[in-house]
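Visitor: coords please:
(chains A and B)
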Amino acid sequence: MKGFADMPRAVWVATSAALGGMALPSPAVAHLVTTGLGPLYDGISHVFLSPDDLLPILAMSLLAGLNGPEAGRRTLFGLAIAWLAGGLAGFIFGRALLPGTLTCISFLVLGGLTAADRRLSPTVMLVIAVAVGLLHGWLNGTGIAEARREALGLAGIVSVVFVLSALVSAFVISLKIGWMRIAVRVAGSWVAAIGLLMLGWGLR
Amino acid sequence: MKRFSFPSLRGYEAALTLLILLASALPACAHVQQGQARGILTGLSHPVSGLDHVLAMIAVGLWGAQLGAPALWLLPVTFPMMMAFGGFMGLLGIPLPGVEIAIALSAVLLGFMVASEAKPSLLVAGAVVAFFAVFHGHAHGTELPPGQSGLLYSIGFVIATGCLHGVGIAIGAVHRWPVGRILLRLSGAAVCIAGIGFLWSAVA
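Guide: Coordinates of the predicted model:
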């Protein structure tokens, strides 16, 4: 009769993995603000799980990229700082006076401008970035306050805003092939279309 | 001095371990909001679930490829925005008569344009595509299953429609070769004939 020591290595590995695997799972209780990773990571994950925040960041970055390096630099800092300022104001104020459907306006404006490939001055780009940052930051801040979570989540959100807008706008600036810029404009039209539909859902 | 090294797993051992881990995992019940995943999947699958819509979208791409720049990018930018306008009308409950007939007609007309290699002015081409896009969007806007995320559904169906245009444009790339041009016109004829079939079903 063979003993445990004679078992093939694969069986040992599989048995150990099965025991370990069975010990690992537990009911997932993850939620937007209770992933268990702490408020900073909750903020980071929030952006990736919330298309109503993620899409405007991407659209803003696409538009900034189409408008060149100077617009990209201003957008990068303007958007992130305004997002933080709006978030802190919203968190302190604690109540969302603005309807959530207002975010569809940023979709429409950013998507429409990207699709049209309008050349905008860096100053105008900065104004748009600040407006978008204040609006979405405000809604994030009030959301965090209403859920009675820590304001540190805002830091996570703003860090993603900064990193994503830096990466995406830099990527778009680097595009030299004509059809790739057209692809960016098509993506802008998709964002505008989604914004219009969001408005429909909001008014429904 | 002997260096420490981790024991290596062979391929099948790693696969077996992964399989056991996957099998032993419990389902994650976490959701940020209800209906998120189903919303985007329904949105992605909705445009490809109806052959009339699929053929019309591909025909838009084919026609754009035949017309060349700037129609090549103008048509895929125009379509989603006007489709969203139609969806917006559908969401608000604004009735649009003869939606099914117009969708079938779009396949007939766009197929005919490709088959005849029609080259109208950019304005006319854009107007034709924009007109039919409203009807396609209206059909999408009124068909969200209950309990699903409207935003994710919108994102899904805008992306799926855009990808169908992309398929049409990719196929239309054969236009550069003489044989490709003939094939393209034959595909347009096929779309047109299929459209007549859809029209027959819609009217009957």
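Visitor: could you list the low-confidence segments of chain A?
Guide: A:1-7, A:24-36, A:96-97, A:100 (pLDDT under 70).
Visitor: chain B now?
Guide: When residues are selected by pLDDT under 70, those of chain B lie in B:1-14, B:20-38, B:144-147.
Visitor: scan it for its longest helix.
Guide: Taking residue count as the measure and DSSP state H as the definition, the longest helix of chain B comes out as helix B:178-203.
Visitor: packing partners of that one?
Guide: The criterion is 3 or more Cβ pairs under 8 Å, 6 or more residues apart in numbering or on different chains; DSSP states H and E, and the helices and strands that helix B:178-203 contacts are helix B:51-67, helix B:99-115, helix B:150-172. All C-beta spots, glycine's among them, are computed from the backbone N, C-alpha and C.
Visitor: so what's A:Met65 up against?
Guide: For residue A:65 the amino acid is Gly, not Met. If a contact means Cβ atoms under 8 Å, 6 or more residues apart in numbering or on different chains, then A:Gly65 has A:Gly72, A:Val168, A:Ser169, A:Ala170, A:Phe171, A:Val172, A:Ile173, A:Leu175, A:Val184 as its contacts.
Visitor: redo that, cut-off 6 Å
Guide: Taking Cβ atoms under 6 Å, 6 or more residues apart in numbering or on different chains as the contact definition, A:Gly65 lies against A:Ser169, A:Val172, A:Ile173.
Visitor: drop anything exposed from those.
Guide: Neighbour counting with 16 or more other Cβ atoms under 10 Å in any protein chain shown marks A:Ser169, A:Val172, A:Ile173 as buried within the contacts of A:Gly65.
Visitor: ok, those residues vs chain B, which is closest?
Guide: A:Val172 (15.6 Å; Cβ to the nearest Cβ).
Visitor: okay, and that closest one sits in which element?
Guide: Element membership of A:Val172 [criterion: DSSP states H and E] is helix A:152-174.
Visitor: using PDB, write out every CA atom in that helix.
Guide: The C-alpha atoms that make up helix A:152-174 are tabulated as PDB, following Å, rounded to 0.1, in the frame of the first residue of the first chain:
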ATOM      1  CA  LEU A 152      -9.600  61.000   2.300                       C
ATOM      2  CA  GLY A 153     -11.500  59.200  -0.500                       C
ATOM      3  CA  LEU A 154     -11.300  62.500  -2.400                       C
ATOM      4  CA  ALA A 155      -7.500  62.200  -2.500                       C
ATOM      5  CA  GLY A 156      -7.900  58.800  -4.200                       C
ATOM      6  CA  ILE A 157     -10.300  60.200  -6.700                       C
ATOM      7  CA  VAL A 158      -8.200  63.200  -7.500                       C
ATOM      8  CA  SER A 159      -5.000  61.100  -7.900                       C
ATOM      9  CA  VAL A 160      -6.800  59.000 -10.500                       C
ATOM     10  CA  VAL A 161      -8.100  62.200 -12.200                       C
ATOM     11  CA  PHE A 162      -4.500  63.500 -12.400                       C
ATOM     12  CA  VAL A 163      -2.900  60.200 -13.600                       C
ATOM     13  CA  LEU A 164      -5.600  59.400 -16.100                       C
ATOM     14  CA  SER A 165      -5.700  62.900 -17.600                       C
ATOM     15  CA  ALA A 166      -1.900  62.900 -17.800                       C
ATOM     16  CA  LEU A 167      -1.700  59.600 -19.600                       C
ATOM     17  CA  VAL A 168      -4.600  60.000 -21.900                       C
ATOM     18  CA  SER A 169      -3.900  63.600 -23.000                       C
ATOM     19  CA  ALA A 170      -0.200  62.800 -23.500                       C
ATOM     20  CA  PHE A 171      -1.200  59.800 -25.600                       C
ATOM     21  CA  VAL A 172      -3.500  61.900 -27.800                       C
ATOM     22  CA  ILE A 173      -0.800  64.700 -28.200                       C
ATOM     23  CA  SER A 174       1.600  62.000 -29.400                       C
END
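Visitor: tell me the buried residues in it?
Guide: Buried residues in helix A:152-174, counting neighbours by 16+ other Cβ under 10 Å, are found at A:153-162, A:164-166, A:168-169, A:172-173.
Visitor: now for it, which elements pack on it?
Guide: With contacts defined as 3 or more Cβ pairs under 6 Å, 6 or more residues apart in numbering or on different chains; DSSP states H and E, the packing partners of helix A:152-174 are helix A:39-49, helix A:51-66, helix A:69-93.
Visitor: what does it rub up against?
Guide: When contacts are defined by Cβ under 6 Å, 6+ apart, helix A:152-174 is touched by residues A:39-40, A:42-44, A:46-47, A:57-58, A:61-62, A:64-65, A:69, A:72, A:76, A:79-80, A:83-84, A:87, A:140, A:144, A:184.
Visitor: what subset of the residues you listed is buried?
Guide: By 16+ other Cβ under 10 Å, the contacts of helix A:152-174 give A:39-40, A:42-44, A:46-47, A:57-58, A:61-62, A:64-65, A:72, A:76, A:79-80, A:83-84, A:87, A:140, A:144, A:184 as buried.
Visitor: and the helices and strands packed on helix B:178-203: which comes nearest B:Ala202?
Guide: Using Cβ to Cβ as the criterion, the shortest distance between B:Ala202 and the helices and strands packed on helix B:178-203 is 4.2 Å, found for helix B:99-115.
Visitor: so which bits of the closest one are buried?
Guide: In helix B:99-115, the ones that count as buried by 16+ other Cβ under 10 Å are B:99, B:102-115.
Visitor: which residues are contacting the helix or strand just after it?
Guide: Going down the chain from helix B:99-115, the next helix or strand is helix B:122-141, by DSSP H and E. With contacts defined as Cβ under 6 Å, 6+ apart, helix B:122-141 is touched by B:60, B:71, B:74-75, B:78-79, B:82-87, B:89-91, B:96, B:99, B:102-103, B:106, B:157.
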